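Asker: Next comes the sequence, and after it the predicted model I'd like to discuss.
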Amino acid sequence: MQVPDVVALVDPDDIFRNEDNPRLIFRQEDLNELEKSISSQGILVPLTIFKDGKTYRLLDGERRWRCAKRLGLPVVPVIIQPKPGRLANIMMMFAIHHARQDWAPLPTALKLQDLENEFAKQHGRHPNESELAGLASLSRGEVRRLKKLLNLPAFYRKQLLKELEKPRSQQSLTVDQVLEATTAASLLRKRDIVDEATEDDLRQAIIGKYRSGVINNTTAPRKLARLARAVQRDEVSLTVARRVVHKLIKTGSYSIDSAFRDSVEQVDFEHGIEQQGTRLLRLITEHKARSYTI
């Protein structure tokens, strides 16, 4: 028989964070604001916890718990739920928090991997995309995006985690920017415009341009996908494509817009002039053939 939830007051020192919480980043500026609110009004929404031996584990309310400890509150209001199994615990953490807009995607992706592994441990197989989305209370599109983050090299994941620890106003790199840089470099490699080593050089160069402000549009690297397609269709030569990519890597001030202008845009413009010239020549020939007189 299921044990009913219990509402109580508990010493915050007897409560510990849930290691399966996908949220790892707690920005100081946000905690300071919440602490002021709790200091003046108290904790209005109880924390959700479960009994774990002689102590308790959080299911919801880690920010409130952190602020309560900093304020030295003797007790906090809580709702005590039955202790879940590991798989249920991770699922509950996702279900409780998935709608929170301030959840950082990279820590969420890392916990999604734990959820997938725990499911495999219990069922002898990995969940498919639809099953994993259901387990995590996410859409399939969100699952695909998080899995892309897991495929990033460890170096970039560490960079992003360090960036997430900064106040928002001081952050110079986002998850979306790294994903856009990675996708663009990968597409160019598939078209043999870059090799494996140069692919990472290009990704690092694009990330550096984001940081320096040379690229101020997150989706700018998508123009490199247009370059890859142009090479595939023989609209731009490999020589031209490799030249502008080399310049992107070596010249810090050279932007993706400039690379696009010097390759795809230039070819499109020249092709347009050629078409207009051909049409004009055809009209002149037609004019002569009609022998117009004034």
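Answerer: That came through fine. Numbering: from 1, shown residues only.
Asker: how about the residue nearest to the spatial centre of the chain, what does it touch?
Answerer: The centre of the chain sits closest to Val175, judged by Cα atoms, centre = their mean, with a distance of 3.7 Å. Each residue near Val175 by Cβ atoms under 8 Å, 6 or more residues apart in numbering is listed here: 104-106, 149, 160. Every C-beta, even on glycine, is put in place using the N, C-alpha and C of the backbone.
Asker: Turn the residues you listed into a markdown table, columns for pLDDT, neighbour count and secondary structure.
Answerer: Below are the contacts of Val175 laid out as a markdown table (pLDDT from 0 to 100; neighbours: other Cβ atoms under 10 Å; DSSP: H, G, I helix; E, B strand; the rest coil):
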| residue | pLDDT | neighbour count | secondary structure |
| --- | --- | --- | --- |
| Ala104 | 76 | 18 | coil |
| Pro105 | 83 | 20 | helix |
| Leu106 | 84 | 23 | helix |
| Leu149 | 88 | 22 | helix |
| Leu160 | 87 | 22 | helix |
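Asker: what two of these are the furthest from one another?
Answerer: Ala104 and Leu149 (10.3 Å; Cβ to Cβ).
Asker: On the pLDDT front, check Glu129 for me.
Answerer: pLDDT recorded at Glu129 is 91.
Asker: these two touch, right, it and Arg144?
Answerer: Yes: with contact defined as Cβ atoms under 8 Å, Glu129 counts as touching Arg144 (7.1 Å).
Asker: what is in contact with those two at once?
Answerer: Common neighbours of Glu129 and Arg144 (Cβ under 8 Å, 6+ apart) do not exist.
Asker: and this protein, what are its domains?
Answerer: Domains of the chain are assigned by automatic domain parsing as 1-83, 84-158, 172-280.
Asker: In a markdown table, list those along with distance to Glu165.
Answerer: Formatted as a markdown table, those follow (distance: least, Cβ to Cβ, whole Å):
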| stretch | distance to Glu165 |
| --- | --- |
| domain 1-83 | 6 |
| domain 84-158 | 10 |
| domain 172-280 | 12 |
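Asker: And those: which comes nearest Ala289?
Answerer: Among the domains of the chain, domain 172-280 sits nearest to Ala289 (Cβ to Cβ), with 15.0 Å.
Asker: in this protein, which spans are helices?
Answerer: Secondary structure of the chain by DSSP state H: the helices cover 28-41, 62-71, 86-97, 105-123, 129-136, 140-150, 154-164, 175-190, 196-212, 222-232, 238-250, 256-260, 266-290.
Asker: Could I get the average pLDDT for the last one?
Answerer: Along helix 266-290, the predicted confidence averages to a pLDDT of 66.
Asker: Could you do the second one as well?
Answerer: In this model, helix 62-71 carries a mean pLDDT of 93.
Asker: Remind me what it packs against, helices and strands.
Answerer: helix 28-41, strand 76-81 (3 or more Cβ pairs under 8 Å, 6 or more residues apart in numbering; DSSP states H and E).
Asker: Ok, which of those comes nearest Arg261?
Answerer: That would be helix 28-41 among the helices and strands packed on helix 62-71, by Cβ to Cβ, at 40.2 Å.
Asker: So, low pLDDT: which residues of the stretch 101-250 of the chain?
Answerer: 101-103 (pLDDT under 70).
Asker: The same query, at a cut-off of 90, please.
Answerer: 101-111, 133-139, 141-142, 145-146, 148-176, 196-197, 229, 232-236 (pLDDT under 90).
Asker: quick one on the thing from earlier: pick the most buried one from the helices and strands packed on helix 62-71.
Answerer: Ranked by mean neighbour count under mean count of other Cβ atoms under 10 Å, those are led by strand 76-81, which reaches a mean of 21.
Asker: Paired strands for it, with orientation please.
Answerer: When sheet partners are counted by DSSP bridges, strand 76-81 sits next to strand 6-10 (antiparallel), strand 47-52 (parallel).
Asker: quick one: the last one to chain centroid distance?
Answerer: Offset of strand 47-52 from its chain centre (Cα atoms, centre = their mean, to the nearest Å): 31 Å.
Asker: May I see the buried residues of it?
Answerer: Buried residues in strand 47-52, counted by 16 or more other Cβ atoms under 10 Å: 47-50.
Asker: got the angle between that strand and helix 62-71?
Answerer: 90 degrees (axes from the mean of the first three to the mean of the last three Cα atoms, to 10 degrees).
Asker: Need the residues that contact strand 47-52.
Answerer: Residues contacting strand 47-52 (Cβ under 8 Å, 6+ apart): 10, 15-16, 56-61, 64-65, 76-84, 96.
Asker: ditto for stretch 199-213
Answerer: Under Cβ under 8 Å, 6+ apart, the answer for stretch 199-213 is 153, 156, 172-173, 177-178, 180-182, 184-186, 188-189, 194, 215, 218, 221, 245, 248-249, 252, 255-256.
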